[in-house]
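Visitor: got a predicted structure here, sequence first:
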Amino acid sequence: MNPAGTAPSSPAPAATATATEFAPSARGGPGRRGLGPVGLVLAGGVSVQFGGALAVSLMPRAGALGVVTLRLVVAAVVLLLVCRPRLRGHSRADWGTVVVFGTTMAAMNGLFYQAVNRIPLGLAVTMEVLGPLALSVLASRRAVNLVWAGLALAGVFLLGGGGFGDLNTAGVAFALSAGAMWAAYIVFSARTGRRFPQADGLALAMGVAAVLFVPLGIAESGTKLLVPTTVGLGAGVAMLSSVLPYTLELLALRRLPASTFAILMSLEPAIAATAGFLVLGQSLTATQVVAIALVIAASMGAVRTHTRRTAPPAEPEA
């Protein structure tokens with residue numbers, strides 16, 4: 001989910017490794033790979049991106065940092081109440097991992113929301129996906145990944161029109177920085193999953209992220225965060241962008257191979273562009289549509305390459 005989601009919002013291309021860590025079952029037969037889990041993943045992606053569109057519409061009321069604060073606080077409260085993570089019995093290294101994970105999550109969300117406050121949602125998500133894509137390419141270390149990297153760079157070149165002259169420079173910088181944090185989120189998500197059972201680590205990290213962001217939200221928005229309408233819309237953003245997609249993806253991973261999950265998550269730029277058009281009226285040029293398609297193709301290609309490299313060898317027939 002787009003880790004700029006909770007679990008990103010989100011993992012995208014490099015989610016193969018992360019999703020494998022958390023997938024309770026990725027070995028079901030063909031009968032368990034039907035439209036059910038695929039529909040859950042797509043529904044989670046739609047929820048994340050339309051939640052992002054709702055967040056953009058809320059920014060005039062509460063500001064970008066205020067919206068992030070509301071989202072993280074509500075999501076943290078819900079996850080902590082549902083998961084009820086155990087606080088005792090963890091080592092100093094465990095807590096250090098959770099703190100870094102939460103800090104990364106806070107930075108990822110803050111940077112992404114600063115980006116969508118300046119550039120269209122679909123373009124921001126496309127640039128953000130470059131972070132996990134780069135992580136996936138570097139992790140694979142195969143020559144074919146030069147093709148995927150080339151496709152992604154071509155897409156970025158088209159998005160920027162050769163120099164990003166038509167886009168807000170700060171918005172582009174925030175989106176690319178959010179992508180770097182998304183890649184870090186994927187790494188620390190996997191580490192947290194190895195140290196904590198179920199979703200306990202995620203709940204604790206969400207609490208850390210919320211605590212870190214509250215002062216920033218108060219500094220920017222002050223008492224605006226207490227307006228009932230703003231609080232209600234912020235809760236809606238948290239449910240759409242964090243709680244609901246995480247739940248749907250967790251259910252999907254019980255029946256869906258992690259590689260398939262990662263490929264489906266690669267479609268998020270297209271979903272984000274659709275949400276931006278329907279909710280915010282953000283239209284894209286034909287060139288920008290082609291650019292998004294190139295980045296999606298590069299993302300899917302990198303996932304498939306990584307999957308083939310890490311797949312166990314087939315057992316010989318008797």
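Guide: Structure's in. What do you need? Residues are numbered from 1 along each chain as shown.
Visitor: can you show me the helices along the stretch 151-300 of the chain?
Guide: Counting by DSSP state H, counting those that start in this stretch, residue ranges of the helices within the stretch 151-300 of the chain are 169-195, 200-221, 228-238, 244-253, 258-265, 268-280, 286-310.
Visitor: need those in TSV (columns: distance to residue 70 and mean neighbour count).
Guide: (Glycine included, C-beta is placed from N, CA and C.) Rendered in TSV, the data for these read as follows (distance: least, Cβ to Cβ, whole Å; neighbours: other Cβ atoms under 10 Å):
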stretch	distance to residue 70	mean neighbour count
helix 169-195	18	22
helix 200-221	7	21
helix 228-238	3	18
helix 244-253	16	22
helix 258-265	25	24
helix 268-280	18	22
helix 286-310	29	20
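Visitor: lowest average pLDDT across those helices?
Guide: The minimum mean pLDDT among the helices of the stretch 151-300 of the chain belongs to helix 258-265 (a mean of 65).
Visitor: just send the helices of the stretch 151-300 of the chain back as a markdown table, with distance to residue 84 too.
Guide: Putting the helices of the stretch 151-300 of the chain into a markdown table (distance: least, Cβ to Cβ, whole Å) gives the following:
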| stretch | distance to residue 84 |
| --- | --- |
| helix 169-195 | 17 |
| helix 200-221 | 8 |
| helix 228-238 | 19 |
| helix 244-253 | 16 |
| helix 258-265 | 26 |
| helix 268-280 | 30 |
| helix 286-310 | 34 |
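Visitor: between those helices, which one is nearest to residue 72?
Guide: In this view, the helices of the stretch 151-300 of the chain are compared for proximity to residue 72 by Cβ to Cβ, and helix 200-221 is the closest at 4.2 Å.
Visitor: next, the angle from that closest one to helix 244-253.
Guide: Using axes from the mean of the first three to the mean of the last three Cα atoms, to 10 degrees, one finds that helix 200-221 and helix 244-253 are set 160 degrees apart in direction.
Visitor: helix 200-221 packs against which elements?
Guide: Packed against helix 200-221 by the contact rule (3 or more Cβ pairs under 8 Å, 6 or more residues apart in numbering; DSSP states H and E) you find helix 35-83, helix 92-116, helix 169-195.
Visitor: of these, which approaches residue 236 most closely?
Guide: With Cβ to Cβ as the yardstick, what comes closest out of the helices and strands packed on helix 200-221 is helix 35-83 (6.1 Å).
Visitor: ok so, going back, which of the helices of the stretch 151-300 of the chain sits closest to residue 46?
Guide: Nearest to residue 46 among the helices of the stretch 151-300 of the chain is helix 268-280 (5.9 Å), distances taken as Cβ to Cβ.
Visitor: for stretch 58-72, buried residues please.
Guide: 58-59, 61-72 (16 or more other Cβ atoms under 10 Å).
Visitor: of those residues, which is the nearest to residue 283?
Guide: Of all the buried residues of stretch 58-72, the one sitting nearest residue 283 is residue 59; the distance, using Cβ to Cβ, is 19.4 Å.
Visitor: that closest one and residue 201, how far apart?
Guide: Distance, residue 59 to residue 201, by Cβ to Cβ, to the nearest Å: 30 Å.
Visitor: one more: residue 146?
Guide: Distance from residue 146 to residue 201, by Cβ to Cβ: 35 Å.
Visitor: could you do residue 100 as well?
Guide: Counting by Cβ to Cβ, the gap between residue 100 and residue 201 amounts to 11 Å.
Visitor: could I get the helices and strands packed on helix 200-221 as JSON lines with distance to residue 232?
Guide: Compiled in JSON lines, the helices and strands packed on helix 200-221 are given as follows (distance: least, Cβ to Cβ, whole Å):
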{"stretch": "helix 35-83", "distance to residue 232": "10"}
{"stretch": "helix 92-116", "distance to residue 232": "18"}
{"stretch": "helix 169-195", "distance to residue 232": "26"}
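Visitor: who wins for proximity to residue 82 among the helices of the stretch 151-300 of the chain?
Guide: Distances from residue 82 to each of these were compared using Cβ to Cβ; the minimum, 7.6 Å, belongs to helix 200-221.
Visitor: got a list of contacts for that closest one?
Guide: Helix 200-221 is contacted by residues 6-7, 62-66, 68-70, 72-73, 75-76, 79-80, 82-83, 85-86, 97-99, 101-103, 105-106, 109-110, 189, 192-193, 195-196, 225, 242, 246 when judged by Cβ atoms under 8 Å, 6 or more residues apart in numbering.
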